[in-house]
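1. Pasting a predicted model and its sequence here:
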Amino acid sequence: MTAVLGMERFRNYVGGEWVEAANGETFESTSPANGETIGTFPKSGADDVDRAVEAAKAAFEDWRLVPAPRRGEILFRFAQLLAERKDEVAELMSREMGKVLAEAGGDVQEAIDMSLYMAGEGRRLSGQTTPSELRDKFNMSVRMPIGVVGVITPWNFPIAIPSWKIAPALVCGNTIVFKPATDTPLLGQRFVELLDEAGLPKGVLNVVHGGGGAVGDRLVRHPDVPVITLTGSRETGVQVLRNAAEGLKHVHLELGGKNAIIVLDDADLDLAVEGIVWSAFGTSGQRCTAASRVIVHEAVYEPLQRRLVAAAEKLRLGPGWEPGTDVGPVINARALEKIHSYTEIGTGEGAKLLTGGEVATGNGLEHGFYYRPTIFGDVDPGMRVAQEEIFGPTTALIRVRDAGEAIRVANGVRYGLSSSIFTRNVNTAFRAMRDLQAGITYINAGTIGAEVHLPFGGTKDTGNGHREAGQAALDVFTEWKSIYVDYSGKLQKAQIDTAG
Ligand code: NAD
């Protein structure tokens, strides 16, 4: 891997060759921390997608026949390479995406974990064998690869999210055209370079850089791409689903969240404050699982609010690679504007701005996109700051009278990704596990911290019923085939020859 930032011009990877976009156009990736140029990338168009799909389609014919344990071994080598380069990739992530180093290391670690888990899957990919209702007949179901998968990813987990999609898709025997987010193309590039180094055959994984409108949309509509897996906003998800409908594609969507932490009157408040600060302001609030609502029992509302504001005001803003930084920049100028517009919306709606609410400047912060950790108090559950995904370091405190009301308020949004409750009462905790309408529930922990071997995803508008990670991911990238082997030597008729 070369690591000269700024001057280097990167290319697409199609059929095992590094190639320019057909139109010769480019775009730059810059750091949200200080504006430095990270690299120049092809601003590709439909022609480039078509070429990459053709290469992936051709490579599928052999890749599907490579024994799954051999496919898994490549993922295992990839995990090893990623582990060797973990610090280097994390450092690059803090520059290109803005995360603090510890979190960037966690992002890379998640990809290592996912690749190891899916490497092992190469020796499982289990189906079922069942008895037959007829004599001398054998029944089984097997997972079949589907073909070319279009992988479209966001910028907020630039190594982890591609691994959630690419590792299971590959081990199942599919080939891929990958479109990384335009805010983090170099991390997407590194991901592909390492898989190439791990020994992936030519054409099995292709990368085409460029925007959602040109590259993403062509992938979604391409007749030879039967599977689309997208992580992004609800609005993008709806558009993709609509555009893929004519091709009756398998569309796997992981979308937004408006996740809540509930703090009840019997909670360990110190623990709750720690969990809220980590969940609301970690990754500058730009996690799909970020806690953007805190629902608090009235008996502990005042002390929790006091401690939380004090903790938020202690957080140090700065470039992610500097030791001592707690909160890095947000991704770009557009995000900064959107986050600040929600501060204005919240104050306009009558919520009380307790801390933050402004763009951070001074000490060089004006060269990047920094926003002060922001807490609104006395928020009504119906306010826009309590309903809409802000995707920044802003959280809203909502006061409730009891656990029942807390759960109703937590469920009163369109999204259903992550949820959390702080309580020492086991009965209340079990009711919350049952009643919170979310794909993930944490007890006495914040809303973030998923592990790769359990399903990941959400209910309601967070997705369309699929899950990534764990065994559930395999359902996105395979189709079931049921096989009946009759060794009786005569024609036996199911449901008709019932005598046995
Ligand atoms: P985004 O929707 O703007 O973009 C996501 C990707 O889709 C990008 O690569 C983009 O270029 C592409 N895209 C945009 N329009 C497209 C189109 N019409 N056709 C095909 N592709 C298109 O999202 P973002 O700003 O990059 O990421 C933030 C969003 O992602 C938030 O809503 C966040 O909650 C969500 N997210 C969800 C999860 C999850 O697992 N549920 C995880 C991380 C992020």
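-> Nice, I can see it. Numbering: from 1, shown residues only.
2. A strand includes residue 177, no?
-> Yes - checked against DSSP: H, G, I helix; E, B strand; the rest coil, residue 177 lies within a strand.
3. What's the end-to-end length of stretch 243-255?
-> From its first residue to its last, stretch 243-255 covers 16 Å (CA to CA, to the nearest Å).
4. That one close to the ligand?
-> Yes - contact of stretch 243-255 with the ligand (CB under 6 Å from any ligand atom) involves 254-255. Where you see a C-beta, it was placed from the backbone N, CA and C, and this is true even at glycine.
5. Tell me the bridge partners for residue 229.
-> Assessed by DSSP bridges, residue 229 has beta-bridge partners residue 151, residue 252.
6. Which residues are in contact with it?
-> When contacts are counted by CB atoms under 8 Å, 6 or more residues apart in numbering, residue 229 touches 149-152, 165, 169, 252, 476.
7. ok, 6 Å please
-> Residues near residue 229 by CB atoms under 6 Å, 6 or more residues apart in numbering: 151, 165, 252.
8. now stretch 154-164: how far from the chain's centre is it?
-> Its chain's average C-alpha position is 6 Å from that of stretch 154-164, according to CA atoms, centre = their mean, to the nearest Å.
9. do stretch 449-460 as well
-> 10 Å.
10. got the CA positions of it in PDB?
-> Extracted C-alpha coordinates of stretch 449-460, given in PDB (Å, rounded to 0.1, in the frame of the first residue of the first chain):
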ATOM      1  CA  GLY A 449     -21.600  -1.700  20.500                       C
ATOM      2  CA  ALA A 450     -22.900  -4.400  18.100                       C
ATOM      3  CA  GLU A 451     -20.800  -7.600  17.600                       C
ATOM      4  CA  VAL A 452     -20.500  -9.200  14.200                       C
ATOM      5  CA  HIS A 453     -21.900 -12.600  15.000                       C
ATOM      6  CA  LEU A 454     -25.400 -11.300  15.800                       C
ATOM      7  CA  PRO A 455     -27.900  -9.900  13.300                       C
ATOM      8  CA  PHE A 456     -27.600  -6.200  12.800                       C
ATOM      9  CA  GLY A 457     -30.400  -3.900  11.400                       C
ATOM     10  CA  GLY A 458     -33.700  -2.300  12.300                       C
ATOM     11  CA  THR A 459     -37.400  -2.500  12.200                       C
ATOM     12  CA  LYS A 460     -39.900   0.000  10.600                       C
END
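11. Report the buried residues of that stretch.
-> For stretch 449-460, the neighbour count (16 or more other CB atoms under 10 Å) marks 450, 452, 455-459 as buried.
12. could you pick out which of those are near the ligand?
-> Here is what survives when the buried residues of stretch 449-460 are matched to the ligand using CB under 6 Å from any ligand atom: residue 458.
13. Residue 260: which of the buried residues of stretch 449-460 is nearest?
-> Checking the buried residues of stretch 449-460 against residue 260 with CB to CB, the nearest one is residue 458 at 12.6 Å.
14. I'd guessed the closest one sits against residue 414; true?
-> No - the pair residue 458 / residue 414 is not scored as a contact, 10.7 Å apart, by CB atoms under 6 Å.
15. and residue 167, how many neighbours does it have?
-> Residues lying near residue 167 (other CB atoms under 10 Å) number 28.
16. can you tell me how far the closest residue in space to residue 487 that isn't next to it in sequence sits from the ligand?
-> Nearest non-adjacent residue to residue 487, counting by CB to CB, 6 or more residues apart in numbering: residue 136, 5.1 Å away. Using CB to the nearest ligand atom, to the nearest Å, residue 136 is found at 48 Å from the ligand.
17. Can you check what pLDDT the model gives residue 136?
-> At residue 136, the predicted lDDT confidence score is 97.
18. How many residues are close by it?
-> For residue 136, the neighbour count with other CB under 10 Å is 12.
19. likewise the one 10 residues further on?
-> Applying the criterion other CB under 10 Å, we find 21 residues in the vicinity of residue 146.
20. for it, what are its contacts?
-> So residue 146 contacts 174, 226-227, 479 (CB under 6 Å, 6+ apart).
21. Pull up the per-residue confidence for it.
-> Residue 146 carries a pLDDT value of 98.
22. sorry, back to before: so which of the buried residues of stretch 449-460 belong to strands?
-> Of the buried residues of stretch 449-460, the ones assigned to strands by DSSP state E are residue 459.
23. List, one by one, the residues from this structure near the ligand.
-> Neighbours of the ligand within the chain, by CB under 6 Å from any ligand atom: 152-157, 179, 181-182, 211-213, 216-217, 220, 230-233, 236, 239-240, 254-257, 288, 389, 391, 417, 458, 462.
24. Residue 260 is in contact with residue 292, isn't it?
-> No - counting by CB under 6 Å, residue 260 stays clear of residue 292, with 7.9 Å between them.
25. hang on, the earlier thing: take the buried residues of stretch 449-460 and write them to CSV, including pLDDT.
-> Written out in CSV, the entries for those read as follows (pLDDT from 0 to 100):
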residue, pLDDT
450, 96
452, 98
455, 98
456, 98
457, 98
458, 98
459, 98
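26. Could you give the backbone dihedrals for the residue nearest to residue 487?
-> Note on residue 136: backbone dihedrals following degrees, to the nearest 10 are phi 50, psi 50.
27. What does the closest residue to residue 107 other than its chain neighbours show for phi and psi?
-> Ranked by CB to CB, 6+ apart and with sequence neighbours excluded, the top spatial neighbour of residue 107 is residue 160, at 4.7 Å. Dihedral pair for residue 160: phi -60, psi -50, per degrees, to the nearest 10.
28. for this structure, what's the longest helix?
-> helix 101-121 (DSSP state H).
29. Give me the contact list for that one.
-> With contact meaning CB under 6 Å, 6+ apart, helix 101-121 is reached by 72, 75-76, 78-79, 82-83, 86, 89-90, 93-94, 157, 159-160, 163-164, 167-168, 171, 283, 320-321, 452-453.
30. Over to stretch 439-446?
-> 275, 278-279, 417-420, 422, 429, 433, 457-459.
31. Mind checking which of the residues you listed are in helices?
-> Going by DSSP H, the helices hold 275, 278-279, 429, 433 from the contacts of stretch 439-446.
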